[in-house]
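Undergrad: Predicted structure and sequence below. I'll ask about it afterward.
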Amino acid sequence: MNVNDILKLSDAEKILAVEQIWDSLDHAKITITDSQKKELDRRLAEYRAGKSRFFTWEEVKSQLRTIKHE
């Protein structure tokens, strides 16, 4: 299967393919760097302290469209 074949799949079929690829990974071999771990810990601490801001997908898309047109 090549990229053109994948692009012809329905959205549901693409999602299933991604799930199958994800499940095929050896998750024990996936690592993150110390700086990535530090950033994740910082974000988790912010979340637990109630300092995180959350946005809906519609808000994110709207903001991206605004940035794109600037």
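TA: Here it is on my side, so go on.
Undergrad: now for the helix or strand where residue 37 lies, which elements pack on it?
TA: Element membership for residue 37, per DSSP states H and E: helix 34-48. Contacts defined by 3 or more Cβ pairs under 8 Å, 6 or more residues apart in numbering; DSSP states H and E place helix 34-48 against no helix or strand at all. C-betas here are computed from N, CA, C, even on glycine.
Undergrad: which of the residues in that helix are buried?
TA: For helix 34-48, the buried set under the neighbour-count rule, 16 or more other Cβ atoms under 10 Å, is empty.
Undergrad: Past it, which element shows up next along the chain?
TA: Counting by DSSP H and E, what follows helix 34-48 is helix 57-68.
Undergrad: before we move on, back to that, centre of the chain to the helix holding residue 37, how far?
TA: Put simply, helix 34-48 sits 16 Å off its chain's centre (Cα atoms, centre = their mean, to the nearest Å).
Undergrad: Provide the contact partners of that helix at residue level.
TA: 32, 52 (Cβ atoms under 8 Å, 6 or more residues apart in numbering).
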